[in-house]
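Participant: Quick one, structure for this:
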Amino acid sequence: VTLTHDFLPSRACPDATFLQPPAPEGLKWSEVATPDALDMLITARNHDLKQAVARQAVAEDWVYALVSLQTCDGYGGGAGGYQGIARMNGGYSSRPLLGLTRACGEDVSIDPSQWWVRDVKRLLTTRKRGEDRGIGAPSESALLWILDWQEGEPLDLRHLDPWFIEICRRVRLSEVDSRLTAWRATSKGPRVDAKMYKGNIGDPWTPIHSDGRSLTLGETGEFDYRRLCELLFSGNWNRPLLACPDEDETGDMLLVAEAFARGGSKTGGFKSRVVPVPGRVVPLLASDTVGSLAEAQMEEIKNFDAALRDALALIAVRRSGKSIEKKHYRYAASARKRFDRTVDRLFFPSLWHRTNVATGSGDQVYQAKLTFLRDLMNAAETEFELALPAMPCPALLRPRAEARARRAFRNSIWRSFPEVFDREHTVEAA
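Facilitator: I've put the predicted structure just below:
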């Protein structure tokens, strides 16, 4: 894709092509035969996910790979000279996305076109108000691939447009024997001198910590309920512009969190989480009410998780009178993971329901809380019973050990949440 001279600003280089910057003489270029070999996903081990298999690629495949590489990739590792983008906290970090979009259709799905329109309108409106939150000043330096890239001359972030579209690699596409191929070369330094900003350069999708660093999703990272609550409600993170609802956005929306989980020359894969947000809750997302309820739910989950952990570990102790040691807790790990996955599905629907009734009657508030507690009880009890047969214990001691564990499990929950057993007591009395 080549930009015509009429479209280019005055500082543009005549050799500029789409996401392919001009390069100085004397570089050593290496061929990249397929778009999947050019893309950012690391496949060096070449086991399950094979390298360079997209041999029948079309131009669209190359464009997607080029966009992914130039706007999202980090440091390539070793002495290869493959640098990362400016919008991440270090070369081994990731470029996260946290945003809102309208929920579409009966299946509450994402419409990419509406998402694009919503974000662009928000950005343009904010830009007109002078609230673009970027470091630089509006200028013609918004498309970095149209500027000449000389070795040892990184761009000054202050001279770039706040929402510039960046590049991080020297890549050229060409046609060889009627098929597209790519060529790439290394660079001694990054395209933009932005290391000191730790990714905090005004990206409208990136959460920024109170200490000034952007979000990093490690190679084992996930967008579970804990991380989302930390980003949205803890007060430790500044919510990005496009994750904040506008005043006229009152319909059902979707909260989207995405990033490549990356570490030192490793990837944990592409992580994506979409959370439906009812329209009545959207205006309250930044309120203290939602944050307080989220904190309360996480505390409730901790109590049930502790009860499950301790009860299962008690079986591994085998004999009464002995205290639980750290080694005994590992036997409960699988059950706790399954319980956590169930909780992850329950968390946000319950949070939105409790937020919706927070201003209602005391009975409504109590019933909403009780519903969540009983869901937690059912999930924890299910995992407890499933895990029992796998707990190590001599056959002679097992009946007593299991009875002790069941009693400890229910007593622990009763001490924290006696209301969970109200219905059971009523049935027994009847």
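
Participant: mind checking how far Asp209 is from Arg226?
Facilitator: I think there's a mix-up here, since residue 209 is His and not Asp. 16 Å (C-beta to C-beta, to the nearest Å). Yep, even glycine has a C-beta here, placed from its N, CA and C like the rest.

Participant: Next: Ile201.
Facilitator: From Ile201 to Arg226 the distance is 27 Å (C-beta to C-beta).

Participant: With neighbour numbers in mind, choose between these two.
Facilitator: Ile201 (24 against 16; other C-beta atoms under 10 Å).

Participant: I'd say that one and Arg87 touch.
Facilitator: Yes: the criterion here is C-beta atoms under 8 Å, and Ile201 meets it with Arg87 at 6.1 Å.

Participant: between the two, what contacts are shared?
Facilitator: Between them, Ile201 and Arg87 share no contacting residue under C-beta atoms under 8 Å, 6 or more residues apart in numbering.

Participant: In three-state terms, label Val120 for me.
Facilitator: Secondary structure assignment for Val120 (DSSP: H, G, I helix; E, B strand; the rest coil): helix.

Participant: And the pLDDT for it?
Facilitator: Note on Val120: pLDDT of 94.

Participant: ok, now the one 10 residues further on?
Facilitator: Residue-level confidence at Gly130 comes out at 71, pLDDT.

Participant: Now do the same contact list for it.
Facilitator: If a contact means C-beta under 8 Å, 6+ apart, then Gly130 has no contacts.

Participant: Got the phi and psi for it?
Facilitator: phi 80, psi 30 (degrees, to the nearest 10).

Participant: can you give me the helices for the stretch 1-150 of the chain?
Facilitator: 35-38, 59-72, 112-128 (DSSP state H, counting those that start in this stretch).

Participant: Now those in CSV, please, with extra columns for distance to Cys244.
Facilitator: Formatted as CSV, these follow (distance: least, C-beta to C-beta, whole Å):
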stretch, distance to Cys244
helix 35-38, 35
helix 59-72, 22
helix 112-128, 9
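
Participant: Most tightly packed of those helices?
Facilitator: When these are scored by mean count of other C-beta atoms under 10 Å, the highest mean neighbour count falls to helix 35-38 (a mean of 22).

Participant: Show me what it is packed up against.
Facilitator: helix 59-72, strand 179-185 (3 or more C-beta pairs under 8 Å, 6 or more residues apart in numbering; DSSP states H and E).

Participant: Correct me if wrong: Asn89 contacts Leu217.
Facilitator: No: applying C-beta under 8 Å, one finds Asn89 not in contact with Leu217, separated by 10.4 Å.

Participant: re the thing from before, for Lys266, find the nearest of the helices of the stretch 1-150 of the chain.
Facilitator: Nearest of the helices of the stretch 1-150 of the chain to Lys266, taken as C-beta to C-beta: helix 59-72 at 15.7 Å.

Participant: tell me the secondary structure for Leu368?
Facilitator: To be clear, residue 368 is Ala; Leu isn't right here. Ala368 - assigned by three-state DSSP - is helix.

Participant: Do a quick rundown of the strands in the stretch 1-150 of the chain.
Facilitator: Remark: strands assigned in the stretch 1-150 of the chain by DSSP state E, counting those that start in this stretch are 30-32, 97-104, 109-110.

Participant: and the first one, which residues are buried?
Facilitator: What it means is strand 30-32. Under the neighbour-count criterion of 16 or more other C-beta atoms under 10 Å, strand 30-32 has Val32 buried.
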